[in-house]
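Student: Sequence first, predicted coordinates after that:
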Amino acid sequence: MSPRLSSLSRLTRLLVPGALFILAACAPLPKDAPSAAPPAAVEAGSGQVMVAAANPLAVEAGLEILRAGGSAVDAAVAVQAVLGLVEPQSSGLGGGAFLVHYDAETGAVSAYNGRETAPAAATPDMFLNAEGKPLPFVQVLLSGRSTGAPGAVAMLHMAQAEHGRLEWSQLFGAAERLAEDGFIVSPRLAEMIVSRAPQAKAPDAVAYFSKPDGTPHQAGDRLKNPAYAATVRRIAAEGPAALMQGEIAQAIVARVGEGDLPGALTLADLASYRPQKTEALCRPYRIYVVCTPPAPSGGPAVLEGLGLLEHTAIADHPNTAQGWYLFTQASRLMYADRDRYMGDPDHVDVPTEGLLDRSYLAARAALIGPRAGPPPAPGTPKGAGVRAPDTTREVSGTSHFVIVDAQGDAVSMTTTVESIFGSGRMVGGFFLNNQLTDFAFAPANNDGTPAANAIAGGKRPRSSMAPAIVLDGEGRMLAAVGSPGGTSILAYNLKALVGMLDWKLPVAEALALPNLIARGTSYAAEGDKFAPEVVEGLAERGVVFTTVGGEGSGLHAVMVTPNGLDGAADPRREGVARGF
């Protein structure tokens, strides 16, 4: 038994005495194995294979790979390649991602970290002015200084080398065709093109999204991107080296070096980038085991939120005022700890074990009283150290998708260019990320106490992205879920998990539950989606809604049921879940 399986098996046996993993009987197909064509795709709710993603074109690209006998990771490569073209406001070849993979044959759950890294020359004061004050956020966002070494493609290449059943070069056909022949601009992309986002007004974005007469592309227009087609052809042939070395890498370095705040990214930074693979961070939740990536992802925070809720009776109050009240108070505690202690564990001590210790969680959950009080302070988990209050501004521009293949392997992946259209700068038909703005602009308190998420050379910025895979009591995959949403991702994922696992809702109903982000003094909520009695009951408990701000949810999830896979996409966006 592998160390990964052994550690997870011990965890499961603690949860369900005597439980053993049930291993899938079928071995992976060889990469050149032929496969019979399965039936045509049908909407979610039946079948054993499924893709749920933010755009139907990306979903179809994933299904095309699965029909050809590809694995979940093979399909993930195709889905990401298409999303970067048709949903460039959210993710792309120039961005980063976190991926959790479930191997049905071994029961192993692995995490892949494709988060961007800061240039080696990055310094703690690079976002400060001459007086030592933080520079205006938008000024940094639009500058070359905001871009880190991209990691999504390199991460997918690493995962595909281990779990792919097709050749890497076979996975980019849909993206190349759509870029060359053109794709239909969706309503959401059309909205972003004319949005108030400063990147939408950046020269590269305006040039790309303008028709010959100078007017912006609208929903229903056909948009071609031959430069993107050329880039994915090179990636198909050369792998991530096509981006991290050679002409495209030189173009990236040149583009981030332009302007008033030039970036420090070099060819050496790109060539030396390495994704990371670890065991997934898994913890029991009631009769389940929930697995996420470790820090610097938002996974540990989501697991802390679940650990807090396990000490409450939220399962007894489905979609009621009391249930949502418990949700808000656990969320506040989760955010207070996360905002103080989370960062890149390769550079700072992150007290993950202390935050997820059962006695610590019990003590924190005991702070939840019958009525909401002042904002909770961060706790002092074992290994916490002293950290400055966080000043990070994490804004919108992310996507999530889930895939289950014919062998039962699964992928849950959250991917981003950080903000809408990243930095607004383009190279090779794709947008560059502005991921370095996910660092705290103020690296320390006035007294010199350092922030966990301060910028440093080679460091990965803290992220809220928290793709999750849920195992049942016997170690088999039960569900995969995740969402975009900036810092709200933590609340969105927590809501979906509570809806599916505690309130026993079908996937579509769990994702459609109202959003409520409780953090500090704010209770940002979709107030009109809550029943009046829930709003009144929450107000009686001291929870009064404020206006929702920031990026809305874009949840995608799949759950295993006795009748097959139950998959769904968040009704707030354009995604679909389809299977065969």
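Tutor: That came through, no problem. Residues are numbered from 1 along each chain as shown.
Student: is it true that residue 464 touches residue 491?
Tutor: No: using Cβ atoms under 8 Å, residue 464 makes no contact with residue 491, being 9.5 Å away. Every residue, glycine included, has its C-beta placed from N, CA and C.
Student: got any residues that touch both of the two?
Tutor: residue 485 (Cβ atoms under 8 Å, 6 or more residues apart in numbering).
Student: Tabulate the CA atom coordinates of stretch 371-381 in CSV.
Tutor: Listed next in CSV are the C-alpha coordinates belonging to stretch 371-381 (Å, rounded to 0.1, in the frame of the first residue of the first chain):
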residue,chain,number,x,y,z
ARG,A,371,-26.5,35.8,19.1
ALA,A,372,-23.8,37.3,16.9
GLY,A,373,-21.3,39.4,18.7
PRO,A,374,-18.3,41.6,17.7
PRO,A,375,-16.0,40.2,15.0
PRO,A,376,-13.9,37.4,16.4
ALA,A,377,-10.2,37.8,16.8
PRO,A,378,-7.9,35.2,15.3
GLY,A,379,-7.2,32.3,17.5
THR,A,380,-3.8,31.1,18.7
PRO,A,381,-3.4,27.6,17.3
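Student: Please, where are all the strands along the stretch 351-500 of the chain?
Tutor: 398-404, 410-416, 426-427, 430-431, 468-471, 477-482 (DSSP state E, counting those that start in this stretch).
Student: Let me have these in CSV, adding distance to residue 55, mean pLDDT and mean neighbour count as columns.
Tutor: Below are these laid out as CSV (distance: least, Cβ to Cβ, whole Å; pLDDT from 0 to 100; neighbours: other Cβ atoms under 10 Å):
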stretch, distance to residue 55, mean pLDDT, mean neighbour count
strand 398-404, 9, 97, 32
strand 410-416, 13, 98, 31
strand 426-427, 19, 98, 24
strand 430-431, 16, 98, 29
strand 468-471, 21, 98, 26
strand 477-482, 16, 98, 28
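Student: will you turn the ones you listed into TSV that also has distance to residue 129?
Tutor: Shown next, in TSV, are the strands of the stretch 351-500 of the chain (distance: least, Cβ to Cβ, whole Å):
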stretch	distance to residue 129
strand 398-404	29
strand 410-416	27
strand 426-427	28
strand 430-431	27
strand 468-471	40
strand 477-482	37
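Student: Out of the ones you listed, which is closest to residue 178?
Tutor: strand 430-431 (13.4 Å; Cβ to Cβ).
Student: who touches that closest one?
Tutor: Contacts for strand 430-431 (Cβ under 8 Å, 6+ apart): 84, 88, 92-95, 199, 204-205, 228, 231, 417, 421-425.
Student: same thing with stretch 518-535?
Tutor: With contact meaning Cβ under 8 Å, 6+ apart, stretch 518-535 is reached by 319-321, 324, 327-329, 331-332, 335-336, 375, 487-488, 491, 514-517, 538, 543-550.
Student: Just the ones of the contacts of strand 430-431 in helices?
Tutor: Cross-referencing the contacts of strand 430-431 against helices under DSSP state H gives 84, 204-205, 228, 231.
Student: do you know how far the nearest residue to residue 202 once chain neighbours are set aside is from residue 417?
Tutor: Excluding its sequence neighbours, the residue lying closest to residue 202 (Cβ to Cβ, 6 or more residues apart in numbering) is residue 424, at 3.0 Å. Separation of residue 424 from residue 417 (Cβ to Cβ, to the nearest Å) stands at 10 Å.
Student: of the two, who's got more company?
Tutor: residue 417 (32 against 24; other Cβ atoms under 10 Å).
Student: show me what contacts that one?
Tutor: Residue 417 neighbours (Cβ under 8 Å, 6+ apart): 88-92, 94-95, 397, 431-435.
Student: Quick check, pLDDT for it.
Tutor: As predicted, residue 417 sits at a pLDDT of 97.
Student: Check the closest residue to it other than its chain neighbours and give its pLDDT.
Tutor: The shortest distance from residue 417 to any non-neighbouring residue, by Cβ to Cβ, 6+ apart, is to residue 95 (3.8 Å). You'll see residue 95 listed with a pLDDT of 98.
Student: Count the residues that sit near residue 95.
Tutor: Residue 95, neighbours per other Cβ under 10 Å, totals 32.
Student: Please tell me how far it sits from residue 116.
Tutor: 7 Å.
Student: if I look at the two, which residues touch both of them?
Tutor: With Cβ under 8 Å, 6+ apart, residue 95 and residue 116 have common neighbours 150-151, 433, 435.
Student: ok, what's across the strand from the spatially most central residue of the chain?
Tutor: Geometric centre of the chain, nearest residue: residue 414, 2.7 Å, by Cα atoms, centre = their mean. Residue 414 has these beta-bridge partners by DSSP bridges: residue 98, residue 400.
Student: check contacts around it.
Tutor: Contacts of residue 414 (Cβ under 8 Å, 6+ apart): 97-98, 398-400, 465-467, 482-484, 489.
Student: residue ranges for the helices of the stretch 151-300 of the chain, please.
Tutor: Here the stretch 151-300 of the chain has its helices, by DSSP state H, counting those that start in this stretch, at 152-163, 173-181, 187-193, 203-209, 226-238, 241-244, 246-256, 267-271, 299-309.
Student: out of these, nearest to residue 126?
Tutor: helix 246-256 (12.8 Å).
Student: Could you list every helix and strand in contact with that closest one?
Tutor: Applying 3 or more Cβ pairs under 8 Å, 6 or more residues apart in numbering; DSSP states H and E, we find helix 246-256 packed against helix 241-244, helix 267-271, strand 426-427.
Student: could you redo the last one with a cut-off of 6 Å?
Tutor: Counting contacts by 3 or more Cβ pairs under 6 Å, 6 or more residues apart in numbering; DSSP states H and E, helix 246-256 packs against helix 267-271, strand 426-427.
Student: that older thread, let me know the closest of the ones in helices among the contacts of strand 430-431 to residue 354.
Tutor: residue 84 (37.7 Å).
Student: Please name the nearest non-neighbouring residue to the closest one.
Tutor: Closest to residue 84 by Cβ to Cβ, 6+ apart is residue 92, at 3.5 Å.
Student: any idea of the pLDDT on the one you found?
Tutor: 97.
Student: Residue 452 now?
Tutor: Looking at residue 452, the pLDDT reads 89.
Student: my read: it touches residue 344, true?
Tutor: No: contact between residue 452 and residue 344 fails when scored by Cβ atoms under 6 Å: they sit 8.6 Å apart.
Student: For those two, indicate the residue with more neighbours.
Tutor: Using other Cβ under 10 Å, the more surrounded residue of residue 452 and residue 344 is residue 452, with 27 against 24.
Student: Look at the nearest residue to the more buried one once chain neighbours are set aside and tell me its secondary structure.
Tutor: Nearest non-adjacent residue to residue 452, counting by Cβ to Cβ, 6+ apart: residue 343, 3.6 Å away. Of the three states, residue 343 takes coil under DSSP: H, G, I helix; E, B strand; the rest coil.
Student: what about residue 343, how many neighbours?
Tutor: For residue 343, the tally of surrounding residues (other Cβ under 10 Å) stands at 26.
Student: check contacts around the residue nearest to residue 202.
Tutor: Contacts here follow Cβ atoms under 6 Å, 6 or more residues apart in numbering; on that basis residue 424 touches 142, 199, 202, 205.
Student: Pick the one among these closest to residue 189.
Tutor: When the contacts of residue 424 are compared against residue 189 (criterion: Cβ to Cβ), the nearest one is residue 205, at 11.6 Å.
Student: Residue 477 versus that closest one, what's the distance?
Tutor: Counting by Cβ to Cβ, the separation of residue 205 from residue 477 is 39 Å.
Student: re the thing from before, the residue nearest to residue 452 contacts residue 462, correct?
Tutor: Yes: applying Cβ under 6 Å as the test, residue 343 and residue 462 come out as touching, 5.3 Å apart.
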